[in-house]
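Colleague: Just need the structure, nothing else, for what follows:
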Amino acid sequence: MKEIKAYVHASRIADVIAGLKGSTVWGDPNHDEHNLAVYVVKGSLVPLDDAERHYSLELGEEIINEYKVELHCHDEDVPALVDVIRRTARTGSAVAGWIYVMDIASAEPIR
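Modeller: Residues are numbered from 1 along each chain as shown. Below is the predicted model of the structure:
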């Protein structure tokens, strides 16, 4: 299994979630073990406009509120899910976010 993490602009998060949930991979009953979590995080992506700029007193620098998306999936689903995130998170900026893919040593359901 793999874990995909992505950091995206707030203006793109709804499209990213809709794209993931609307993908053929997500709807495949043979690959139904996806777990999606979304967090608001303070990050250093380049702001798209002045409305995204915030100064953090705790961090002592300018930040933006961006979203961190986490999900786990089967190894063979990674290319399709990364493609969905890449397409739906685009802003037109040179760098609109980051996508990371990591191995999961074990994933155990809580029953």
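
Colleague: Please, where are all the strands along the chain?
Modeller: Secondary structure of the chain by DSSP state E: the strands cover 2-9, 35-43, 54-56, 61-73, 97-103.

Colleague: got those as TSV, with mean pLDDT, distance to Asp83 and mean neighbour count columns?
Modeller: Bear in mind the C-beta positions are built from the backbone N, C-alpha and C, glycine included. Formatted as TSV, those follow (pLDDT from 0 to 100; distance: least, C-beta to C-beta, whole Å; neighbours: other C-beta atoms under 10 Å):
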stretch	mean pLDDT	distance to Asp83	mean neighbour count
strand 2-9	96	11	20
strand 35-43	91	16	13
strand 54-56	84	31	11
strand 61-73	92	13	18
strand 97-103	96	10	14
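
Colleague: and of the ones you listed, who's closest to Ile17?
Modeller: Evaluated over the strands of the chain, closeness to Ile17 peaks at strand 35-43, with 6.8 Å, by C-beta to C-beta.

Colleague: picking up where we left off before, please tabulate the strands of the chain in a markdown table and include distance to Gly27 as additional columns.
Modeller: Conversion of the strands of the chain to a markdown table gives the following (distance: least, C-beta to C-beta, whole Å):
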| stretch | distance to Gly27 |
| --- | --- |
| strand 2-9 | 17 |
| strand 35-43 | 13 |
| strand 54-56 | 37 |
| strand 61-73 | 13 |
| strand 97-103 | 21 |
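
Colleague: Figure out which of the ones you listed is closest to Pro109.
Modeller: Pro109 lies closest to strand 35-43 among the strands of the chain, at 9.7 Å (C-beta to C-beta).

Colleague: what lines up beside that closest one in the sheet?
Modeller: According to DSSP bridges, strand 35-43 forms sheet pairs with strand 61-73 (antiparallel).

Colleague: what's the partner strand in contact with?
Modeller: Strand 61-73 is contacted by residues 1-10, 13, 16-17, 20, 25, 31, 33-45, 47, 52-56, 81, 85, 97, 104, 107 when judged by C-beta atoms under 8 Å, 6 or more residues apart in numbering.
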